[in-house]
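[1] Quick one, structure for this:
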Amino acid sequence: MEPWVKFYREKQVERTLESLKKNRFEAIYVPDAKQAVEEVMARIPDGATVGIGGSVTLGQIGILEGLKGRKVRLIWPIQQAKNEEERMELIRKTFSSDIFLTSTNAITEDGKLFNIDATGNRVGAMFIGPKQVIVVSGVNKIVKDLDEAERKVREWTAPQNAKRLGRKTPCAETGLCSDCNAPDRICNIYVTLAKKPIRTNILIILVGEDLGI
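    Numbers count the residues shown, from 1 in each chain. Below is the predicted model:
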């Protein structure tokens, strides 16, 4: 990384961490994915029930493979469900998990988490239900404000996710958001966590790498 890029990223991370803490979130920075996994694992006791929200980031850093060797009860609807009925049952169980692991679509420099979801299970479990939520995010997801966050997710993240998930949407064909009304649309629920929810503890781990979409 060029020194001026490194300088900019460091200052951006400093601003964002400070803002997240002002908004009552617990937030830390780690330089790489390996240390991110170590931080997560250190916070998961043996015997815990661990719910997983859909996340490219968690797959990239290898945390899911690490959890399979731990003495925990893993609830991972996307991987474990054999049909839609089982998937919905597992989704419900994630809301009562001890630890819920996920990522976020965007983090603003003034300390807000912004997400767009299709069904709402991922974003819902981020603010009510689990005893502890751990959000792992690459620094590439930091944006200036909520306007930029929504633009990024709708124009950049969502078309790629729609393609990745095999959705029958216009953006999966063109790469452009048309604010469609397709049954397979994934941009159905918009959620901003402006402050720490009263009854949910949230740890945000910012990783000094480009992760996720």
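
[2] hey, let's count contacts and neighbours off CA atoms from now on
    Noted.

[3] ok, which stretches of this structure are helices?
    3-22, 33-42, 56-61, 63-68, 77-80, 84-94, 121-127, 146-152, 158-164, 170-174 (DSSP state H).

[4] Quick one: residues contacting Tyr112.
    Not Tyr; residue 112 is Lys. Each residue near Lys112 by Cα atoms under 8 Å, 6 or more residues apart in numbering is listed here: Leu20, Asn23, Leu146, Thr192, Leu193, Ala194, Lys195.

[5] Please identify the deepest-packed of the helices of the chain.
    Each of the helices of the chain was given a mean neighbour count from mean count of other Cα atoms under 10 Å, and the largest, a mean of 22, is that of helix 121-127.

[6] how far out from the middle of the chain is that helix?
    The chain centroid and the centroid of helix 121-127 are separated by 10 Å, computed with Cα atoms, centre = their mean, to the nearest Å.

[7] which two from the contacts of Lys112 end up farthest apart in space?
    Across the contacts of Lys112, the longest distance by Cα to Cα is 15.0 Å; it joins Asn23 and Leu146.

[8] pull the CA atoms of stretch 144-163 into PDB?
    Only the C-alpha atoms of stretch 144-163 are listed here, as PDB (Å, rounded to 0.1, in the frame of the first residue of the first chain):
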ATOM      1  CA  LYS A 144     -18.700   9.100   4.600                       C
ATOM      2  CA  ASP A 145     -22.400   9.200   5.600                       C
ATOM      3  CA  LEU A 146     -25.800   7.400   5.200                       C
ATOM      4  CA  ASP A 147     -26.400   8.800   1.700                       C
ATOM      5  CA  GLU A 148     -23.100   7.300   0.500                       C
ATOM      6  CA  ALA A 149     -23.900   4.100   2.400                       C
ATOM      7  CA  GLU A 150     -27.300   3.600   0.600                       C
ATOM      8  CA  ARG A 151     -25.800   4.500  -2.800                       C
ATOM      9  CA  LYS A 152     -22.900   2.000  -2.300                       C
ATOM     10  CA  VAL A 153     -25.100  -0.800  -1.200                       C
ATOM     11  CA  ARG A 154     -27.800  -0.300  -3.900                       C
ATOM     12  CA  GLU A 155     -25.400   0.400  -6.800                       C
ATOM     13  CA  TRP A 156     -22.400  -1.800  -5.900                       C
ATOM     14  CA  THR A 157     -23.200  -4.400  -3.200                       C
ATOM     15  CA  ALA A 158     -26.700  -5.500  -4.100                       C
ATOM     16  CA  PRO A 159     -26.100  -6.200  -7.800                       C
ATOM     17  CA  GLN A 160     -23.100  -8.400  -7.000                       C
ATOM     18  CA  ASN A 161     -25.000 -10.200  -4.200                       C
ATOM     19  CA  ALA A 162     -28.000 -10.800  -6.500                       C
ATOM     20  CA  LYS A 163     -25.700 -12.300  -9.100                       C
END
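
[9] which non-adjacent residue is nearest Glu150?
    When the adjacent residues along the chain are set aside, Glu150 lies closest to Phe114, with 7.6 Å between them (Cα to Cα, 6 or more residues apart in numbering).

[10] The one you found and Val191 touch, don't they?
    Yes. The pair Phe114 and Val191 qualifies as a contact (Cα atoms under 8 Å) at a distance of 5.9 Å.

[11] between those two, which one's more packed in?
    Neighbours were tallied for Phe114 and for Val191 using other Cα atoms under 10 Å; the higher tally belongs to Phe114 (21 against 15).
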